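[1] sequence and predicted structure, then a few things I'm wondering about:
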Amino acid sequence: MSLTAFHRFRNRVACPRNWVWFAVLCALPSCGAEVEIRRIGIGRGAGPVLERYAGVAAREIHLRFGVRTPIEPGCTPGSLCLQVVPGVRGWKIEASDHMTVAGATALDTVHALGTALRQLDSVNGKVVFRGASSTTAPAVALRGIYAPAHMNNPYAKLPVEELGRLFEDWALWGANATWNWVDPMSYMPRVDPFSKEQGAAESLAYMRRVLASLREAQRAGLEVGFTSGTNVVWYDQFRNHPGLRAQMGTRLITGQLLCPSQPAARKIILDNTRNLLAESRRMGLNIGSLDFYTRDPSGCACEKCKPWNRTSLVVCRDIVEAAHEIYPNLVGDLITWYWSPEESMDAATWFSSQGAKYWLRFWFHHFPTWRREIRYPELRLPASVRLGGMYNLSAADNDVYGNEGAITRFSYLIKLMTPFPERGLQGFHGYTEGNYDDLNKVVALQLLVTPQRPVRDIIEEYCRWYFGARGAVAGELAELIIGLDDLHTSAPQLGKMTERLLAIEKGLPAWGRNWRFAQVRLRAQVAQLNMEILDGLPPHGAEAGAPAPANYKSVVGKRFRELMRRGLEFQRVTEVQDAAWDAYKYLVDKDVLVRKRAVLLHELMHVYKVDADQTIGLNNIYLGDWPVWFAEQNGHYNKLAGLATVPEQHKLIAELWP
């Protein structure tokens with residue numbers, strides 16, 4: 001995106017003519033009334049979810065304004081009262097001598113509470129609400145976040161109590177569902193937790209940690225579920241049944257897979273589901289859905305399983321039917337991750353011609369992050385199946401999975417999500433790998449509630465709520481954060497952005513100088529160093545010492561393409577995923593700018609709460625036990641297997657790349 005195009009985008013997301021989205025129903029004289037909040041009230045029969053959020057409201061008010069608001073039953077003058085009112089469509093805020101936030105369900109009331117809390121202000125030491133009475137009917141019904149706790153990502157490293165804070169935040173911004181994955185491939189020893197294999201106890205502990213996370217989300221009011229591969233099994237099951245293994249195909253059909261067309265393999269797959277859900281029931285979970293990824297790492301290329309797009313639907317149905325033995329009301333959702341448009345259309349037409357469809361709730365169409373053109377699906381689905389969208393919120397043009405700081409892709413989210421209602425999309429499955437895409441989550445959730453809302457308005461509200469920014473500072477900070485969408489500018493321009501962020505950070509209240517702000521600041525700082533490093537490199541094919549072009553994309557397109565090519569060669573030889581990033585780090589390892597960059601990345605790891613000694617980059621899957629895993633699967637040990645330390649691995653890179 002050029003600077004001119006960026007300014008057009010910025011003006012569009014802030015343009016006042018788009019403010020017509022804010023459908024406020026004002027009941028005079030309360031419209032725009034100022035209500036002092038002295039206590040938190042809980043309506044009759046509120047239940048444990050609203051009791052929890054009454055405590056959340058009191059906690060957040062005290063953090064931001066230093067005022068204690070006792071929690072009392074009933075709606076009295078001066079109270080912020082939480083109520084469930086059956087029959088309300090969506091949620092509402094009513095302001096009179098007290099404030100009432102209400103919805104048809106407890107979670108709808110939580111959404112109203114979030115809107116109300118973010119409109120509070122402090123006047124002469126008092127907490128006041130200066131908003132208006134309003135009613136909100138969300139445009140998209142299911143607004144879910146998929147947060148897998150695996151591969152040492154933040155969801156795997158954060159304590160459950162801190163995850164609970166994240167779940168509360170998501171609900172306050174409009175989320176109503178979340179999913180997790182018990183990943184049988186990421187954690188050693190990767191054995192069936194219910195077997196007698198050595199290491200089963202460790203696997204069970206990992207599983208229970210994931211379940212504890214989901215239980216915390218359930219207590220926060222969210223619908224909870226699992227994502228699942230169709231035919232992924234534990235490693236000992238894969239190892240002990242060579243005759244049942246799936247036939248590998250493309251890179252997206254790889255992993256610990258059994259062929260579901262073989263009855264013995266199908267039984268292992270279904271028993272794994274029963275065991276997981278039985279343990280979930282023991283831990284007090286009410287699992288609402290299983291969301292299926294039928295590729296990466298699922299699939300089978302054998303003749304019996306062809307065509308896989310149809311076979312996978314049959315396997316999904318059987319898994320849901322097995323799940324009904326433990327959770328009779330559980331539903332299935334399909335995610336067309338890495339399906340071609342032709343495969344999706346074929347599977348939908350075939351599926352519609354089959355028998356009972358009771359098991360499938362949503363057909364989530366995958367919008368690929370790498371495709372700038374947005375293609376909405378034109379599918380013939382049964383009336384009982386709803387269409388939704390799936391998108392990777394942890395990816396952007398200039399970063400994936402938080403390698404360089406906060407992930408933002410606002411311009412794309414506007415184009416993608418604004419048309420959801422008119423295109424008939426009624427649900428969203430937002431895939432995320434950590435807390436570094438917090439801004440994307442908030443923007444996505446708010447666009448799902450009110451698609452025409454200006455993004456600048458959302459981000460300014462974010463800055464006021466999380467950073468304590470006020471007045472013009474909140475507006476400037478919103479502009480700077482929108483600028484994170486376009487980091488393909490010069491080092492001096494990025495330097496000015498960094499200077500302003502550092503200056504603003506110093507002026508924020510102590511509670512506002514938090515991990516969210518650190519991610520934003522580090523994003524700009526790393527981008528500035530990236531440009532300084534790239535500006536010092538000669539263009540690909542140029543004489544040494546020739547001045548590098550200032551344009552980021554031209555340098556990346558030429559210089560990094562060569563590094564990536566070498567990285568892919570290294571990956572092919574060693575069977576290590578994502579080796580190109582490590583190669584780049586090694587090749588410029590001695591550069592002083594890169595050392596500064598490494599210090600910033602180390603700070604990022606602490607912000608994300610992942611362990612610096614467990615990762616080379618922040619993807620957490622570079623040079624761990626993956627080489628051994630690939631070697632075991634392919635029946636041989638590759639060149640990298642057995643090289644336990646990073647220096648040894650880098651030595652091998654040097655030998656491969658003289």
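    Received, thanks. Numbers count the residues shown, from 1 in each chain.

[2] who's in contact with the most centrally placed residue in the chain?
    Taking C-alpha atoms, centre = their mean as the criterion, Thr432 is the residue nearest the geometric centre of the chain, at 2.1 Å. Contacts for Thr432 (C-beta atoms under 8 Å, 6 or more residues apart in numbering) come out as 145-147, 392-394, 440-441. For the C-beta atoms, the positions are set from N, CA and C on the backbone; glycine is no exception.

[3] one more time with 6 Å
    Under the criterion of C-beta atoms under 6 Å, 6 or more residues apart in numbering, the neighbours of Thr432 are 147, 393-394.

[4] again with Tyr376
    By C-beta under 6 Å, 6+ apart, the contact list for Tyr376 reads Arg423.

[5] show me what the nearest residue to Glu94 once chain neighbours are set aside is bridged to.
    Leaving aside its chain neighbours, Glu94 sits nearest to Thr100 (4.4 Å; criterion: C-beta to C-beta, 6 or more residues apart in numbering). On DSSP bridges, the residues paired with Thr100 through beta bridges are Cys81, Glu94.

[6] Pro451 in helix, strand or coil?
    At Pro451, secondary structure determined by DSSP: H, G, I helix; E, B strand; the rest coil is coil.

[7] same question, Pro193
    Pro193 is classified as coil under three-state DSSP.

[8] who's in contact with it?
    Pro193 is in contact with 200, 203-204, 207, counting by C-beta under 6 Å, 6+ apart.

[9] can you flag the buried ones in the contacts of Thr432?
    147, 393-394 (16 or more other C-beta atoms under 10 Å).

[10] out of those residues, who's nearest Ala156?
    Each of the buried ones among the contacts of Thr432 was scored against Ala156 by C-beta to C-beta, and Ala147 proved nearest at 10.0 Å.

[11] that closest one against Tyr155, yeah?
    Yes - counting by C-beta atoms under 6 Å, Tyr155 is a contact partner of Ala147 at 5.0 Å.

[12] where does the chain dip in pLDDT?
    1-33, 188, 250-251, 356, 397-399, 488, 533-599, 601-602, 610-658 (pLDDT under 70).

[13] helices of the stretch 101-250 of the chain, residue ranges please.
    106-117, 154-157, 160-173, 200-219, 235-240 (DSSP state H, counting those that start in this stretch).

[14] quick one, what contacts Asp183?
    So Asp183 contacts His150 (C-beta under 6 Å, 6+ apart).

[15] one more time with 8 Å
    Asp183 neighbours (C-beta under 8 Å, 6+ apart): 148-151.

[16] picking up where we left off before, overlap in contacts of Ala147 and Tyr155?
    Counting by C-beta under 8 Å, 6+ apart, the residues touching both Ala147 and Tyr155 are Asn180.

[17] thinking Leu381 is in contact with Phe364, fair?
    No - Leu381 lies out of contact with Phe364 (C-beta atoms under 8 Å); the separation is 11.7 Å.

[18] still on that earlier bit, farthest pair in the contacts of Asp183?
    Ala149 and Met151 (9.0 Å).

[19] neighbour-wise, which of those two wins?
    Shown here are Ala149 and Met151; by other C-beta atoms under 10 Å, Ala149 has more neighbours (25 against 22).

[20] from Leu360, how far off is that one?
    26 Å (C-beta to C-beta, to the nearest Å).

[21] give the closest residue to Ile61 in space, chain neighbours not counted.
    Using C-beta to C-beta, 6+ apart, the nearest residue to Ile61 is Thr69, at 5.3 Å.

[22] over to the one you found: give its phi and psi.
    With angles defined as degrees, to the nearest 10, Thr69 sits at phi -120, psi 100.

[23] look at it and say how many residues are nearby.
    Using other C-beta under 10 Å, Thr69 has 22 neighbouring residues.

[24] about what we covered before: quick one, which of the helices of the stretch 101-250 of the chain is nearest to Trp179?
    helix 200-219 (8.4 Å).

[25] how about residues contacting the closest one?
    With C-beta under 8 Å, 6+ apart as the test, helix 200-219 has contacts from 48-49, 52, 149, 155, 160-161, 163-164, 167, 178, 180-182, 187-194, 224, 226, 234, 276, 279-280, 283-287.

[26] switch to 6 Å and redo it
    149, 160, 163-164, 167, 178, 180, 182, 187, 191, 193, 224, 280, 283, 285.

[27] that older thread, in this structure the residue nearest to Glu94 contacts Ile93, no?
    No - Thr100 lies out of contact with Ile93 (C-beta under 6 Å); the separation is 7.2 Å.
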